[in-house]
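Enquirer: Below are the sequence and a predicted model for it; my questions follow.
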Amino acid sequence: MKTRNIQTIYRKEMKDTLRDRRTLIFMLIVPIVAIPLLIMFTSSLMIGAVTKAQEEEAAVVFEGFEQLPPDLQESFREAPALDIKTAAEYADTVDLIEELKNGGFDALVSVPEYFSSAIESESSTSIDIFYDQAELKSEFAVDKIRDILEPYEERIVMARLQERQLSTDIISPFDVNRQNVASAQKVAGKEIGGFLPYLIIIMCFMGAMYPAIDLAAGEKERGTLETLLVSPASRSEFVVGKYLVVLTTGIVAALLSMFSLTFSLNYMVNNLIGDIASDLLRLQFNLEMVILIILIILPLAGIFASVLLSVSIFARSFKEAQSYITALNMFIILPAFVSFLPGVEIDYRMALIPVINVSLIIKNAIAGTVEWNYVAVAFISTLILAALALFFCKKWFERESVIFRM
């Protein structure tokens with residue numbers, strides 16, 4: 001193969017690719033603009049929904065409200081965040097649990113008989129709070145109820161201790177203090193780092209998808225493939241030139257998505273949680289980490305480029321190639337999703353599985369826990385698969401029955 005011919009084909013195909021609107025959308029617009037805007041819009045919606053649920057008055061129904069001590073009844077009545085109703089306001093035929101499930105109110109509090117008497121006699125008793133865990137407002141209603149009950153419980157305990165002239169230390173013989181030794185980078189990697197490798201891999205695939213379809217199936221559809229095949233370049237040079245274009249677009253899309261997603265995730269963290277927690281969950285990158293991610297993504301992008309080109313040249317038209325590659329998407333999405341699963345760690349077996357190995361290594365790299373033995377195994381195994389895929393792609397392009405499949 002002549003390097004000059006490959007360079008000529010690469011420049012020509014890259015120029016045509018960059019003129020294609022669909023390629024620019026998936027390689028540049030989606031990772032740089034669309035995904036960050038989507039994440040920011042989603043985080044804003046989440047903030048708005050949570051704030052609205054917290055600020056809205058919670059409708060709470062009490063069974064046995066009269067069994068509460070008078071001062072506790074008054075606390076509930078005067079609570080500005082609660083709209084108190086009693087079971088007596090509902091007909092006897094109404095099932096309050098079903099009414100709660102149907103969204104008739106936000107929480108149901110069941111107070112047992114003789115609750116006040118049990119408090120006065122210092123007997124054990126309980127209060128049941130029924131809520132709908134699937135509803136955010138219902139969960140906040142429970143928090144608002146507990147905000148009234150817990151201080152009341154503490155006052156009762158304090159009064160009993162003072163009556164017996166006992167120290168409050170008697171109910172708290174020791175404290176358990178949790179001391180975090182993990183770095184902020186490790187916490188961020190474990191908590192939200194799984195999202196980044198998933199989207200990097202998906203964007204790498206999508207960035208290579210449309211150029212691959214256009215460079216083979218598109219050429220067939222436009223009737224320009226035959227003209228290229230009679231050029232002085234050999235079939236191998238022809239394949240490698242197109243392959244490098246697809247590889248380039250995939251890598252560029254992956255890198256752009258990495259930086260834009262980092263900015264977007266940090267924006268979401270800063271707006272959803274407090275300053276101290278956001279410092280722990282903020283994603284940070286250094287040059288070594290960026291180089292590692294590029295290094296491990298490169299052979300995977302090579303596999304994507306070869307497979308996409310092979311599928312594209314097999315297809316009769318642009319639309320047929322799209323159908324094949326849409327089905328192929330599932331084989332990328334599901335393994336990439338492994339980075340979200342808790343407890344799944346990289347080992348030598350995982351390091352040999354393409355997509356999964358890259359997903360877990362990037363997640364660990366973000367957390368600052370790079371294990372170079374697994375990185376080496378993953379890189380070499382993925383590189384071998386990329387070479388085999390390219391070899392197959394080259395042989396596939398050399399088959400007249402595939403190229404001129406009508």
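Expert: It's in. Numbers count the residues shown, from 1 in each chain.

Enquirer: before we move on, which element is R160 in?
Expert: helix 136-163 (DSSP states H and E).

Enquirer: any idea of the mean pLDDT for that helix?
Expert: Per-residue pLDDT over helix 136-163 has a mean of 90.

Enquirer: Kindly report the same for stretch 204-213.
Expert: Stretch 204-213 comes out at a mean pLDDT of 86.

Enquirer: can you check stretch 168-185 too?
Expert: Computed over stretch 168-185, the mean pLDDT rounds to 74.

Enquirer: same question, stretch 327-339
Expert: Per-residue pLDDT over stretch 327-339 has a mean of 82.

Enquirer: now swap in stretch 110-127 and tell me
Expert: Here stretch 110-127 scores 88 as its mean pLDDT.

Enquirer: Equivalent analysis for stretch 388-401, please.
Expert: Mean predicted lDDT for stretch 388-401 stands at 84.

Enquirer: Check which residues of stretch 375-384 are buried.
Expert: V375, V377, A378, F379, S381, T382 (16 or more other Cβ atoms under 10 Å). (C-beta placed from N, C-alpha, C; glycine too.)

Enquirer: where does K85 fall, phi/psi-wise?
Expert: phi -130, psi 160 (degrees, to the nearest 10).

Enquirer: which one is it nearest to, not counting chain neighbours?
Expert: V61 (4.9 Å; Cβ to Cβ, 6 or more residues apart in numbering).

Enquirer: Phi and psi next, for G104.
Expert: phi -70, psi -30.

Enquirer: List the residues that contact it.
Expert: Contact analysis of G104 by Cβ atoms under 8 Å, 6 or more residues apart in numbering lists A59.

Enquirer: now it: how far from V61?
Expert: With the distance defined as Cβ to Cβ, to the nearest Å, G104 ends up 8 Å from V61.

Enquirer: The host helix or strand of the residue nearest to K85 pairs with which strands, and in what direction?
Expert: Using DSSP H and E, V61 sits within strand 58-63. Strand partners for strand 58-63, identified by DSSP bridges, are recorded as strand 82-86 (parallel), strand 107-110 (parallel).

Enquirer: so where do the helices sit in the stretch 301-406 of the chain?
Expert: Assigned by DSSP state H, counting those that start in this stretch, the helices in the stretch 301-406 of the chain fall at 318-328, 330-336, 348-351, 356-367, 372-397, 400-403.

Enquirer: quick one, which of those is nearest to I291?
Expert: Nearest of the helices of the stretch 301-406 of the chain to I291, taken as Cβ to Cβ: helix 356-367 at 10.1 Å.

Enquirer: Tally up the residues packed near the residue nearest to K85, please.
Expert: Neighbourhood size, V61 [other Cβ atoms under 10 Å]: 23.

Enquirer: Isn't it up against F105?
Expert: Yes: the pair V61 and F105 qualifies as a contact (Cβ atoms under 8 Å) at a distance of 5.2 Å.

Enquirer: what's the overlap in contacts for these two?
Expert: The contact sets of V61 and F105 overlap at K85, E99 (Cβ under 8 Å, 6+ apart).

Enquirer: can I get the strands paired with strand 58-63 in TSV with distance to S359 and mean neighbour count?
Expert: TSV is the format used below for the strands paired with strand 58-63 (distance: least, Cβ to Cβ, whole Å; neighbours: other Cβ atoms under 10 Å):
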stretch	distance to S359	mean neighbour count
strand 82-86	46	16
strand 107-110	41	22
